[in-house]
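1. The following comprises the amino acid sequence and a computationally predicted model.
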Amino acid sequence: MENRELTRRDFIRGTACAGMGITLGMAAAAPAPSSTSRTSRVVVVRNAGALDAKHNAQSDVIARMLAEGLQAFAGAATAAEAWKRFFRPDDAVAIKSTVMMTPTHPEVIRAIMEGVATAGIAGEKIRVWDRNSGGAGPAQAASATWTWHPGFDANSVSLAVGEATALVNVPGLKSHWLSGFGGALKNWCGAVTRINIFDKGVTFAFHGDSCADMGMLNALPAIRQKCRLIVVDALRPLCHGGPAVDPRYLWPYKGLLIGTDPVAVDSVGLKIIQGRRDQVRGNPWPLSPPPKHIAVAAEKYKLGTADLAQIEIVRLGWEEDAFV
């Protein structure tokens, strides 16, 4: 099937009478399936004003992007209704941020926290963390303010995962020197301990073969069952290098990717990264190492859809150099 990217007009026309069968993992009713055979949806929402000339994130613009993108993803009448499709008032929500290479912008975290709160969840029950540090509520959206140290359980999984009833995965979009690409699947590396690039005597040994088995983290029952939403920070992604970040390969994409299927989200993110690499080089510039873990997550771990022809890409906002 030929992949067809949707503009906002296409999306509104296609969802006027029916939703797209989004699986939210909740008791609340999801929209009815559409007549298309596509199995996953990813919203790419961009705004040219999301960053200023010095690359500072603009909180009000990002909040609007998130609201518009989530509303479109859920096929909801309002953003408030969309948030309520993902979260309940009795939820304890843990947001998996990242502090590595391309850190999640605190403005994105704050917008998510404020959105989750509209579902009737108290601020102290909405937390953000990476590795063994985190914070609670919008006042601690930035990692510099974090005061919480959740620790890890006997199975080397963060207690933040165990204590939450709902998870939100918020990676920064990037290339990666070990796995080729870093996105939704890879972000769970910061939710476990006892990992090591040499993979000797550790709990989670996935670094071999270009991190092909990265999907084992997303496949952990607690993570797989509790993750309700993925929001990829694509405001200023990295298209080459690591672990040191070369600013020549950061660029102002000024976007967010929204979905629930981690494989589909990463497949779209990979297309964006590869598009920028080819643009920079002026000819095809494949990632090295190759990002094998996305296809393996689909085929071996059954975590979602990797085939772009089976992914509904909804594009909203600024279109220049979208690469999808």
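-> Here it is on my side, so go on.

2. Please enumerate the helices of the protein.
-> Under the criterion DSSP state H, the chain contains helices at 8-14, 59-74, 79-86, 106-117, 159-163, 208-211, 215-218, 221-226, 262-281, 293-299.

3. Quick check: which of those helices is nearest to K96?
-> Closest approach to K96 among the helices of the chain is made by helix 159-163 (7.9 Å; CB to CB). All C-beta spots, glycine's among them, are computed from the backbone N, C-alpha and C.

4. buried set for the closest one?
-> 160-161 (16 or more other CB atoms under 10 Å).

5. pLDDT-wise, which helix or strand of this protein ranks last?
-> Here the helix or strand of the chain ranked lowest by mean pLDDT, DSSP states H and E is helix 8-14, holding a mean of 41.

6. hang on, the earlier thing: check the helices of the chain for me: which has the lowest mean pLDDT.
-> The weakest mean pLDDT among these belongs to helix 8-14, with a mean of 41.

7. The residue nearest to S288 when sequence neighbours are not counted bridge partners, please.
-> Excluding its sequence neighbours, the residue lying closest to S288 (CB to CB, 6 or more residues apart in numbering) is G180, at 6.8 Å. Judged by DSSP bridges, the bridge partners of G180 are H176.

8. tell me the contacts of G180?
-> The contact partners of G180, taken as CB atoms under 8 Å, 6 or more residues apart in numbering, are 210-211, 287-292.

9. Using ChimeraX, define a selection of the buried residues within those residues.
-> Buried members of these can be picked out in ChimeraX with the line below, counting by 16+ other CB under 10 Å:
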select :210,211,287,289,291,292
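
10. Test my guess that S133 contacts T145.
-> No: taking contacts as CB atoms under 8 Å, S133 lies outside contact range of T145: 10.4 Å.

11. Which stretches in the stretch 1-150 of the chain count as strands?
-> Under the criterion DSSP state E, counting those that start in this stretch, strands of the stretch 1-150 of the chain are mapped to 5-6, 40-46, 93-96, 126-130, 133-136.

12. Enumerate the positions of the last one that are buried.
-> By that I understand strand 133-136. Buried residues in strand 133-136, defined by neighbour count with 16+ other CB under 10 Å: 133-136.
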